[in-house]
Every structure is written in structure tokens, then in C-alpha cells.
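Enquirer: would you be able to build a 3D model of this:
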Amino acid sequence: MQPRWREATWTSLRGALAILIIAAIAAQLAVSIGLAMTDGRSVPLTSANFFSYFTILSNLGTVVVLSWAVLWWTASGRRDARDEPRPLAVTLACITTYMLVTGVVYNTLLRGIPQPAGTIVPWSNEILHLVAPLFLLADLFAAPRRRALAWPTIGGILVFPVLWIVYTMVRGPLTPNPMTGLAPWYPYPFLYPESVPGGYLGVLGYIVAIALLIAGFGTLVVTVGRWRSRRAVRARGAIGAAH
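Expert: Reported below is the predicted structural model:
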């Protein structure tokens, strides 16, 4: 078991990141709504599109799960040696996977795409796409009380991304682009059939590749959690034998 001060420090870092993400999302949302109002575009549509990005939903999920982890440790975790509750462990595994995928997809496929001046808040963009994913990666290896999860958890990790892609592909053709007033609108360039080589088959290729990436990262997250849990059990056993 890790010393209490280390657990308290990591819990504080989780709370700090949750606050930072809230600030980053609020800053970018304010700019997006402000531009919509200035240009006479629909604020409700702009807001709905904003919260349709996988990045935004993943970061919001991170805020919820990290806040949950902070509350659990503060309320009961610091007083005993239990691993994190299973529901918390499962949702943490899910959100860690989504944030790792967010970081990889953005920094490999989307970072170099130019954006209209003044539409992106640079510091917010870095927190949501780089700082938060890197923290979740560190959290996977360093956070206290990792619980071993069963392998079928990987299937559960895939549920939200599948629902998101169904929502996105059904909504896209029905949603006008706020800039042009014409449908379709998709949150990411690689989801536009008319601009991706191969059309819908090309989009399907990206979707399959990202699904495999999610499954791969989900496997990594579950594997590391199981490995860390076994190490903790062996360490407790060694301490017990020494006494």
C-alpha cells in the first residue's frame, strides 16, 4: 500500500486536473458562442455541435470520474486499504481509454489542420488534447488503489464510442453547418464522405481503424490495471510475511 501522503498528493492532482478541464471547456465554449452571436449564427446549434465532439464528451467524462475518485478517497478511501470500488474502476478504465484515443487521434490526424483565426483557445486546446490525455496515461501507471478488472470490461469500454459514432453519423446529414447553413455537419474532417477518399467506404475505414485503436487501448488499460493489482497483492503479502 502506498503512503497516505502519496495517495493524498495524487488525489489532489486528480482534482486539479478536473478543475483545469472545466476551465478549458468553459473558455472554448464561450469563444464559440461569442463568435456565433457576432456572426448571427444559431447559438443552440453551435452549442449542440460543441457538445457533439468526442473530445469534449471524453473530457467531461474525465471531470466526472476524477471528481468521483476524489470524493471516494476523501470520504472513505484514506481510512482503509480497499481498492477503488468496481464501478469507479470500470468508468475510470473507460475514460482513460477515451482520453488516450483523443490524444493520439488529435495529435496524429488533426493537429496540423488550420483553423480560422480566433476560433480556437490555444491553452484550452492543449489541455483538452494533450495535457489531460498525458495525465490519464500517468494515472494509469501511478494512481493508487488500481482494481483488477475482468477481460470482458474491454467490451464495455466500446459501448460509448459505438453509441457516439451512431449518433454522429445519423445526425450529420440532418445537421446544417453553422458556417454555411447547409447540411451535412460532422465534428471531424475524416467523417465527411464527400471529402474522404473512397466516400463512405473511406469513412468506414477510419471508423474501423479508430475502433481497433479504442479496443487496443482498452486492452492496455485493463492489462495494466490487472498487473498493478497483482503487484499490490504480492507486496501486501510480503509485508504480512515479514511481520
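Enquirer: average model confidence for the lengthiest helix in the chain?
Expert: Ranked by residue count, the top helix of the chain under DSSP state H comes out as helix 200-242. Mean pLDDT, computed over helix 200-242, is 84.
Enquirer: with stretch 90-101 instead?
Expert: Mean per-residue pLDDT for stretch 90-101: 98.
Enquirer: and Thr180, how many neighbours?
Expert: 8 (other CB atoms under 10 Å). To be clear about C-beta, it is placed using only N, CA and C from the backbone, and glycine gets the same treatment.
Enquirer: now do the host helix or strand of Val65: everything it contacts.
Expert: Using DSSP states H and E, Val65 sits in helix 54-75. Helix 54-75 is contacted from outside by 7, 11, 14-15, 17-18, 21-22, 24-25, 50-51, 84-85, 88, 91-92, 94-95, 98-99, 101-102, 106, 128-129, 132, 136, 143, 145, 161, 164, 187-188, using CB atoms under 8 Å, 6 or more residues apart in numbering.
Enquirer: now do the buried residues in it.
Expert: Within helix 54-75, the residues that count as buried by 16 or more other CB atoms under 10 Å are 54-59, 61-63, 65-66, 68-70, 72-73.
Enquirer: ok, back up a step: so the longest helix of the chain versus helix 54-75, what angle?
Expert: If you take axes from the mean of the first three to the mean of the last three CA atoms, to 10 degrees, helix 200-242 sits at 20 degrees to helix 54-75.
Enquirer: flag the shaky bits of the protein, pLDDT-wise.
Expert: Scanning the chain for pLDDT under 70 picks out the ranges 1-3, 77-79, 81, 232-243.
Enquirer: grab the nearest non-local neighbour of Tyr14.
Expert: Not Tyr; residue 14 is Arg. Sequence neighbours aside, Leu66 is the residue nearest to Arg14 in space, at 4.4 Å (criterion: CB to CB, 6 or more residues apart in numbering).
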